[in-house]
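next come a sequence and a model predicted from it.
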Amino acid sequence: MFGGIHRMAKYLITGIAGFIGSSLARALVERGEEVRGVDNYLTGKPGNLAGLNGLIDFREADLRDAAAIRTACEGVDYILHMGALPSVPLSVKNPEPSHRCNVDGTFHVLEGARAAGVRRIIYAASSSAYGDQPVLPSKESMRPMPISPYAVQKLAGEYYMSSYWQVYGLETVSLRYFNVFGPRQGVDSPYSGVLAKFIQQMLEGTPPTIFGTGEQGRDFTYIDNIVSANLLACMAPAEKVAGKVFNTACGEQNTLNEMYRLLAKLIGFDRPPLYGPPRTGDILNSQADISAAAEAFGYRPLIGVKEGLQRTVEWYRETLKLPAVSR
Ligand code: UD2
């Protein structure tokens, strides 16, 4: 494919044992790229790296440890900075650890990259930066209105990315992910993503709880779309992407009530949801305009929400060793 002239690039994935990081690792290893990864197993799982043993250079390291991160950056061409302490409610309950991981950790990655002369960083930014916009879909040109500490932290990372491009010429690209879901997303914490939680609960026969009316909307995005966006953003010409922010999503919106119904049908779960109080720090509606990423690096969603849900349910059913999907 590369005719012998393509030197394999070396990638560093932070948060490689997480849901998104491990998916990126698999995609890069499949392409024959050289992959190094760091994770502290705070939210990542060794199990997410199953099958990658010996194929990646894994180092147990914490984003808060500047020296370890600096060492991990040495000899690297591209950094996919996925490592973070996610979750809006976790940051509301206890903002300090997420601040340390998300803001200080991102700073350490940038400093490590600068010292090592890394070619480009792709940063996992978050749609939460938009907050409640008066007009949807959200465009990158709109003024961010973050609500939760997590949203502020992720936005601070974007500003840092853009600064390092402007003042040091380090190529950085921020991808604002919108509610990513898919195989390997964690289910074992109260702070897990809503779809992973709902799928697990339905498969186990427990009715999930919707926080609020369930009419809040999200631009749910299957993991393969995110992987593809990262790979495209690595290869795009610097003049199109460096220092910039791009929405990465499907460009659609589904309410939680709709997602509940879709999942219940896929799984064959016939009980209604429970409803609880709305979650502090939540935004109401979220939907991306994805035209900037399409224009700059040819991004388009490859897998829609329904197909993504089907694949995800099948994966959890396999993994949780529960009966076959009913359709
Ligand atoms: C935010 C970001 C997302 C990503 C993520 C990382 C937005 C719009 N999205 O996702 O891009 O950065 O943070 O953590 O800000 N819910 C229930 N029941 C449950 C769990 C959640 O009803 O058991 C609701 C929750 O109140 C929210 C929705 O489901 O309205 C989605 O919650 P989530 O935690 O999966 O993701 P969210 O939107 O905070």
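Thanks, I have it. Numbering: from 1, shown residues only.

what parts of the chain come near the ligand?
86-88, 126-128, 177-179, 193-194, 197, 209-211, 216, 218, 256, 279, 282-283, 286 (Cβ under 6 Å from any ligand atom). Backbone N, C-alpha and C define where each C-beta goes, glycine included.

which of these are buried?
Buried subset of the residues of the chain next to the ligand (neighbour count, 16 or more other Cβ atoms under 10 Å): 86-88, 126-128, 177-179, 193-194, 197, 210-211, 216, 218, 256, 282-283, 286.

doesn't N225 make contact with T248?
Yes - counting by Cβ atoms under 8 Å, T248 touches N225, with 7.1 Å between them.

pick out whichever of the two has more residues nearby.
The neighbour comparison of T248 against N225 (other Cβ atoms under 10 Å) goes to T248, with 27 against 24.

now the longest helix seen in the chain - C-alpha only, PDB.
Longest helix in the chain, counting residues (DSSP state H): helix 149-168. Extracted in PDB, the C-alpha atoms of helix 149-168 (Å, rounded to 0.1, in the frame of the first residue of the first chain):
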ATOM      1  CA  PRO A 149     -16.500  22.100  35.600                       C
ATOM      2  CA  TYR A 150     -15.800  19.300  33.200                       C
ATOM      3  CA  ALA A 151     -17.000  21.400  30.300                       C
ATOM      4  CA  VAL A 152     -14.700  24.300  31.400                       C
ATOM      5  CA  GLN A 153     -11.700  21.900  31.800                       C
ATOM      6  CA  LYS A 154     -12.200  20.500  28.300                       C
ATOM      7  CA  LEU A 155     -12.600  23.900  26.800                       C
ATOM      8  CA  ALA A 156      -9.400  25.100  28.600                       C
ATOM      9  CA  GLY A 157      -7.600  22.200  26.800                       C
ATOM     10  CA  GLU A 158      -8.800  23.500  23.500                       C
ATOM     11  CA  TYR A 159      -7.500  27.000  24.200                       C
ATOM     12  CA  TYR A 160      -4.200  25.500  25.200                       C
ATOM     13  CA  MET A 161      -4.100  23.500  22.000                       C
ATOM     14  CA  SER A 162      -4.700  26.600  19.900                       C
ATOM     15  CA  SER A 163      -2.200  28.600  21.900                       C
ATOM     16  CA  TYR A 164       0.600  26.100  21.300                       C
ATOM     17  CA  TRP A 165       0.000  26.200  17.600                       C
ATOM     18  CA  GLN A 166       0.000  30.000  17.600                       C
ATOM     19  CA  VAL A 167       3.000  30.600  19.800                       C
ATOM     20  CA  TYR A 168       5.200  27.500  19.300                       C
END
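
heads up, I number from 6, so please use that
Okay, residue one is now 6; in that scheme the one you just asked about reads as helix 154-173.

okay, buried residues for that helix please.
For helix 154-173, burial by neighbour count (16+ other Cβ under 10 Å) applies to 154-163, 165-167, 169-170.

any idea of the mean pLDDT for it?
Averaged across helix 154-173, pLDDT comes to 98.

does anything pack onto that helix? Which helices or strands?
If contacts are counted by 3 or more Cβ pairs under 8 Å, 6 or more residues apart in numbering; DSSP states H and E, helix 154-173 sits against helix 93-98, helix 100-104, helix 110-121, strand 125-131, strand 176-182, strand 249-253.

my read: G20 touches L90, true?
No - G20 is beyond contact range of L90, at 9.6 Å (criterion: Cβ under 8 Å).

quick one, which of the two is more surrounded?
Ranked by neighbour count (other Cβ under 10 Å), G20 and L90 place G20 first, with 28 against 23.

for that one, give me its contacts.
Applying Cβ atoms under 8 Å, 6 or more residues apart in numbering to G20 gives the contacts 26, 43-44, 49, 86-89, 129.

show me the strands in the stretch 206-332 of the chain, by range?
All strands of the stretch 206-332 of the chain, identified by DSSP state E, counting those that start in this stretch, fall at 214-216, 222-223, 226-227, 249-253, 259-260, 279-281.

name the residues contacting each of T253 and N230.
Here T253 and N230 have no joint contacts, going by Cβ under 8 Å, 6+ apart.

for A243, grab the count of nearby residues.
Applying other Cβ under 10 Å, we find 13 residues neighbouring A243.

which residues touch it?
Counting by Cβ under 8 Å, 6+ apart, A243 has contacts 125, 176.

check the gap between it and A297 for me.
Counting by Cβ to Cβ, to the nearest Å, the separation of A243 from A297 is 16 Å.

repeat that for L279.
39 Å.

more neighbours: which of those two?
A297 (19 against 10).

quick one: that one from D109, how far?
Going from A297 to D109 by Cβ to Cβ gives 29 Å.

again with Y155
Distance from Y155 to D109, by Cβ to Cβ: 14 Å.

cool, P277 as well?
Separation of P277 from D109 (Cβ to Cβ): 43 Å.

the more surrounded of these two?
D109 (15 against 10).

mind checking pLDDT for the closest residue to that one other than its chain neighbours?
Residue nearest to D109 in three dimensions, not counting chain neighbours: R69, with 5.9 Å by Cβ to Cβ, 6 or more residues apart in numbering. We have a pLDDT of 98 for R69.
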